[in-house]
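> The sequence and its predicted three-dimensional model are supplied below.
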Amino acid sequence: MPQLDALRALAVAAVAWSHWAPHELHGGILWGPYGVKLFFVLSGFLITSILLDCRQADSPADAWLALRSFYVRRFLRLMPLYYATLLFAALCNVKPVRETLGWTLSYTANFYFFQRGSWNGVISHFWSLAVEEQFYLVWPLVIMFLPTRWLKPAVIGTVVASAGAWLVLAMLNFHSPVMATLPVLCCDALGLGALLALINDSSTRDRLAKIALRVGLPCWLAAEILSRAGIRHPLLLWLQQESVLLVFVWIIQRAAVGFSGPVGKVLENRVLVGLGTISYGLYILHNFAPQMLGPLARALDLPRWASRGLPNRMLLMSLLTIAVAWVSWQVMEQPIQRWKRFFPYRPKKAEAGPATEVEAPLRRAA
């Protein structure tokens, strides 16, 4: 599913823009939150799809094998680069990293930011990685072992409860940027992606995705327009963030099937898909780029113009982040990915046949 890789690249670009560009250049768009929400919906969709395939195990023993393999494969995919980055930054005496190692090493940085009430420099984006890891810890148990008839009600209930919690907080006029770091307030995005995966029939999934677009897009545009007109009612922010999730549901469904025409060509561009392949490294490393830029410019004796001015700085930070993420992928991440073959989701005898058209890319995504 190359178009889904392209969506990852676009999500990272949105988050990086929110961190690198001055606020006045954001155009009033919540680039960072939107990028993270797109990641969450996509994660809910892909991980639930994989777990539903694992759920077809022939016996309880096979189910536990699939669950063990899921956790090991997640560890192999996510933790080596994450911990290597923390170790290197700590050795380089990066203050926010050193003073929060207990939180970041335990994947609880989201709770740290919530109790702190504000962000903390280069590790600010680590909250979303913590939420993802907490999701990966709990969600497999729900999908693998909850009775089939309860799956959809449980996922719908999760989405409604999360959206409802946001609504209550909005009605109480209680809002802080770090509030979104609580897992319960991220379950609307993760749950909508999971709900999309739970719909087996492709035509039904297409119809529901179109309904999501028809409801979500007008509501999101209305909320954006009213906000820009100076109307600051707390319900507008709630409508803005919930309706954009519906738009993302449609985008992900269309990308999973494959956009055609000009949009499809853009999302299948080799550069964009390649950036999507290394998107995890790009996401982890991008917030360190501004700190690395000065020492790098001095070490390489770059011309004075190269490290001054926003366009030049943005270009250099982009190239630096891509270069380090690419090296990480080639030297560490990709070789470690090969270890996954020792942890199949199903016993060897069940792996004899080729994966189905849908299963193969989803397993690669895991």
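Received the coordinates, thanks.

> how long is stretch 50-61 end to end?
End-to-end distance of stretch 50-61: 18 Å, with C-alpha to C-alpha, to the nearest Å as the criterion.

> what's the single longest helix in this structure?
helix 60-91 (DSSP state H).

> what number of residues lie near residue 206?
When neighbours are counted by other C-beta atoms under 10 Å, residue 206 registers 15. Any C-beta I mention is one placed from the backbone N, CA and C, and that applies to glycine too.

> now swap in the one 5 residues further on and tell me
Residue 211 is surrounded by 13 other residues when neighbours are defined as other C-beta under 10 Å.

> Just the element for it, please.
Per DSSP states H and E, residue 211 falls inside helix 202-228.

> Please work out which residues outside stretch 141-161 touch it.
Stretch 141-161 has contacts (C-beta atoms under 8 Å, 6 or more residues apart in numbering) with 48, 51-52, 54-55, 63, 66-67, 184, 187-188, 191-192, 194-195, 198.

> where are the low-confidence patches of the protein?
294-309, 349-366 (pLDDT under 70).

> In space, what's closest to the most centrally placed residue in it - neighbours in sequence excluded?
In the chain, the residue lying closest to the centroid (C-alpha atoms, centre = their mean) is residue 39, at 2.7 Å. Spatial nearest neighbour of residue 39, excluding adjacent residues (C-beta to C-beta, 6 or more residues apart in numbering): residue 11 at 5.1 Å.

> quick one on the thing from earlier: and the helix holding residue 211, which residues are buried?
The neighbour-count check on helix 202-228 (16 or more other C-beta atoms under 10 Å) flags 205, 208, 209, 212, 213, 216, 219, 220, 223, 224, 227 as buried.

> For PyMOL, write the select line for the buried members of the contacts of stretch 141-161.
Buried residues among those (16+ other C-beta under 10 Å), as a PyMOL selection:
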select buried, resi 48+51+52+54+55+63+66+67+187+188+191+192+194+195+198
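
> quick check, nearest of the contacts of stretch 141-161 to residue 163?
Checking the contacts of stretch 141-161 against residue 163 with C-beta to C-beta, the nearest one is residue 188 at 4.8 Å.

> Contact partners for residue 35?
10, 11, 12, 13, 14, 15, 18.

> Tabulate the residues you listed (JSON lines), appending secondary structure.
As requested, the contacts of residue 35 are arranged in JSON lines below (DSSP: H, G, I helix; E, B strand; the rest coil):
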{"residue": "10", "secondary structure": "helix"}
{"residue": "11", "secondary structure": "helix"}
{"residue": "12", "secondary structure": "helix"}
{"residue": "13", "secondary structure": "helix"}
{"residue": "14", "secondary structure": "helix"}
{"residue": "15", "secondary structure": "helix"}
{"residue": "18", "secondary structure": "helix"}
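
> okay, the residues you listed in CSV with neighbour count and distance to residue 35 next?
CSV is the format used below for these (neighbours: other C-beta atoms under 10 Å; distance: C-beta to C-beta, whole Å):
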residue, neighbour count, distance to residue 35
10, 18, 8
11, 25, 4
12, 25, 7
13, 18, 7
14, 20, 3
15, 24, 4
18, 19, 7
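
> Pretty sure residue 254 sits against residue 205.
No - applying C-beta atoms under 8 Å as the test, residue 254 and residue 205 come out as separate, 10.5 Å apart.

> Which residues does stretch 175-182 contact?
33, 110-111, 113-114, 116-119, 127, 130-131, 169, 185-186, 234, 237.

> Tell me the span between the first and last residue of it.
So stretch 175-182: terminal residues 13 Å apart, C-alpha to C-alpha.

> Buried residues, it. List them.
Neighbour count says stretch 175-182 has 178, 180, 181, 182 buried, by 16+ other C-beta under 10 Å.

> which one among the residues you listed gets closest to residue 26?
For these, the nearest to residue 26 is residue 180 (16.9 Å; C-beta to C-beta).

> what about that closest one, which SS state?
Going by three-state DSSP: residue 180 is helix.

> Tell me how far it lies from residue 200.
Distance of residue 180 to residue 200, given as C-beta to C-beta, to the nearest Å: 31 Å.

> and if you look at residue 12?
31 Å.

> For the contacts of stretch 141-161, which two are the farthest from each other?
63 and 188 (28.3 Å).

> re the thing from before, now do the buried residues in the helix or strand encompassing the residue nearest to the centre of the chain.
Counting by DSSP H and E, the element that carries residue 39 is helix 31-54. Neighbour-count burial for helix 31-54, counted by 16+ other C-beta under 10 Å, picks out 31-54.

> Measure how far it is from the centre of its chain, please.
6 Å (C-alpha atoms, centre = their mean, to the nearest Å).

> now do stretch 23-36
The answer for stretch 23-36 is 16 Å, by C-alpha atoms, centre = their mean.

> Span of that stretch from start to end?
The first-to-last residue distance of stretch 23-36 comes to 18 Å (C-alpha to C-alpha).

> Kindly report the same for stretch 118-134.
In stretch 118-134, first residue to last residue: 21 Å (C-alpha to C-alpha).

> For it, buried residues please.
In stretch 118-134, counting by 16+ other C-beta under 10 Å, buried: 120, 122-134.

> do the same with stretch 96-114
In stretch 96-114, counting by 16+ other C-beta under 10 Å, buried: 96-97, 100, 103-104, 107-114.

> Off-centre distance for it?
That offset, for stretch 96-114, works out to 19 Å (C-alpha atoms, centre = their mean).

> Nice, that's everything, thank you.
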